[in-house]
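Participant: coords please:
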Amino acid sequence: MDDRYEDSKSHQVGNAPVDDVDSTANNNLATASSSSTQGDNANGIDIRQALEILSSRTPHDHHEDGHENAKHCCADVTKNPPPDVLRNMGQTIDMFAPSTGSSIDAPKPPSTSQTTSSNNQVDPSERRKKIRDSLRGLSIVASLKMLLTAQEDRVRTYRLYDEALGKVLLSNRLTDYPPACAAATAAFSVLSDTVAAVRDELSNRIELLLKNNDGKTSPTSLALSSIIESINSLQSLEREKLQITAAYHLEQIRANNLKESKNLDDNDDTKDSHELSLLNKGISDMRSRNETCRSNINGIIEDLRCTLVELMEEGEDE
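Facilitator: Next up, the predicted model:
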């Protein structure tokens, strides 16, 4: 499957009715514009949040199996925490990463190659302002292309993040995992701000269009409103996916650590082997939740691509 996509489709973004120019439409546009920055205050997660996901996940079948440790993997993760080097890491992970190549002919998002070590020290609002300044000369089509390029980069970066975990599990060198998270954080941060800046710039254009049209909606303002709503949904889903991914990584590390420290195999019938079985069920649960997020994300991305094609066919260049 093309690495631009996460999985399948769910959300729908279509052209809003052009003749809907009453106060309700204006209110919807205002809502999309004013709420465009909601949810961006929490730009990432740390390991403690991942642990909270593990402790509050959906109960599994083994909760009713009668075993004395049946609820061990879900009731309280502090009873079986990851190693201190991970639990106390406090690493924040955000949502995007830099591109090494793209299938979309679009302006490149800001590079992180020279800012990796100091990226987290930059004021996010200041960085976003600089990115927004660079977007003001771009057309709507070019801005959408930049957003979709960032999404391609995000998918590739998740793959690299998962590959880093795989190497840690193979080598059993847990100290290699925090640096991998730090590298992902620095890469994710700039492009996360890029997507938010694209959304904010489009929101500003809605306000300008409404002002120039005496508060009346237009096909362009309605299309922009739909795009902004899609971006907000995308950001929310990516935030959820990132949290689940971090929890999924920790669950795998816990299971691998238990298996290696106790020298367990699938044929063992001990308290530790039962605990390993519960952890594996937790891993399966995280994987299922991750797939659901990816399917929903893909639906939004597909709809944004359809919107982009429509704008290009209409010669939209505002």
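Participant: now the helices: where do they sit in this structure?
Facilitator: With helices called from DSSP state H, the chain shows them at 23-34, 47-55, 72-75, 84-87, 124-135, 140-171, 177-212, 219-262, 271-313.
Participant: Could you report the distance from the closest residue in space to Leu304 that isn't next to it in sequence to Asn263?
Facilitator: Leaving aside its chain neighbours, Leu304 sits nearest to Ser230 (5.7 Å; criterion: C-beta to C-beta, 6 or more residues apart in numbering). For glycine as for every other residue, the C-beta is placed from the backbone atoms N, C-alpha and C. The spacing between Ser230 and Asn263, counted by C-beta to C-beta, to the nearest Å, is 50 Å.
Participant: swap in Leu210?
Facilitator: According to C-beta to C-beta, Leu210 and Asn263 sit 67 Å apart.
Participant: The two - which one has more neighbours?
Facilitator: Just comparing Leu210 and Asn263: by other C-beta atoms under 10 Å the higher neighbour count belongs to Leu210, 18 against 8.
Participant: what's the neighbour count on the residue nearest to Leu304?
Facilitator: Ser230 has 22 nearby residues by other C-beta under 10 Å.
Participant: repeat for Asp133
Facilitator: Residue neighbour count, defined by other C-beta under 10 Å, stands at 11 for Asp133.
Participant: What of Asn232?
Facilitator: By other C-beta under 10 Å, 20 other residues sit near Asn232.
Participant: Check Ile140 too.
Facilitator: Applying other C-beta under 10 Å, we find 21 residues neighbouring Ile140.
Participant: Report the residue spans of the stretch 51-200 of the chain with pLDDT below the cut-off.
Facilitator: The model of the stretch 51-200 of the chain has pLDDT under 70 over residues 51-122.
Participant: how close does Cys139 sit to Leu210?
Facilitator: One correction, residue 139 is Ser, not Cys. For Ser139, the distance to Leu210 equals 19 Å [C-beta to C-beta].
Participant: Sorry, wrong one. I was asking about Leu135.
Facilitator: 19 Å.
Participant: do the same with Tyr177
Facilitator: According to C-beta to C-beta, Tyr177 and Leu210 sit 49 Å apart.
Participant: And the pLDDT at Thr307?
Facilitator: Thr307 is assigned a pLDDT of 92 by the prediction.
Participant: same check, this time on Ala255
Facilitator: Looking at Ala255, its pLDDT is 90.
Participant: quick one: Asn256 and Asn172 touch, right?
Facilitator: Yes. Under the criterion of C-beta atoms under 8 Å, Asn256 makes contact with Asn172 at 7.2 Å.
Participant: which one of the two has more residues nearby?
Facilitator: Each of Asn256 and Asn172 has its neighbours counted (other C-beta under 10 Å); Asn256 has more, 18 against 13.
Participant: Excluding covalently adjacent residues, which one is nearest to that one?
Facilitator: Nearest residue to Asn256, sequence neighbours excluded (C-beta to C-beta, 6+ apart): Leu169, at 4.9 Å.
Participant: Also Arg132?
Facilitator: Take Arg132 and drop its neighbours on the chain: the residue closest to it by C-beta to C-beta, 6+ apart is Ala197, 4.4 Å away.
Participant: count of residues packed around that neighbour?
Facilitator: For Ala197, the number of neighbouring residues by other C-beta under 10 Å comes to 24.
Participant: OK, contacts around it?
Facilitator: Going by C-beta atoms under 8 Å, 6 or more residues apart in numbering, Ala197 touches 128, 131-132, 135.
Participant: returning to that earlier point: correct me if wrong: the residue nearest to Asn256 contacts Leu250.
Facilitator: No. Assessed by C-beta under 8 Å, Leu169 is found out of contact with Leu250, at 12.0 Å.
Participant: So these two - more neighbours on which side?
Facilitator: Neighbours were counted for Leu169 and for Leu250 using other C-beta under 10 Å; Leu250 has more, 24 against 19.
Participant: any idea how far the more buried one lies from Asn256?
Facilitator: Using C-beta to C-beta, Leu250 is found at 11 Å from Asn256.
Participant: Then Ser134?
Facilitator: Separation of Ser134 from Asn256 (C-beta to C-beta) stands at 43 Å.
Participant: Next: Ile244.
Facilitator: For Ile244, the distance to Asn256 (C-beta to C-beta) stands at 18 Å.
Participant: Take the contacts of Ala197 and write them to CSV, including distance to Ser189.
Facilitator: Listed next are these as CSV, based on distance: C-beta to C-beta, whole Å:
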residue, distance to Ser189
Arg128, 11
Ile131, 11
Arg132, 16
Leu135, 17
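Participant: Show the buried residues in those.
Facilitator: Among these, those buried by neighbour count (16 or more other C-beta atoms under 10 Å) are 128, 131-132, 135.
Participant: Which two of the residues you listed have the greatest separation?
Facilitator: Farthest apart among the buried ones among the contacts of Ala197 by C-beta to C-beta are Arg128 and Leu135. That separation is 10.3 Å.
Participant: That'll do, ta.
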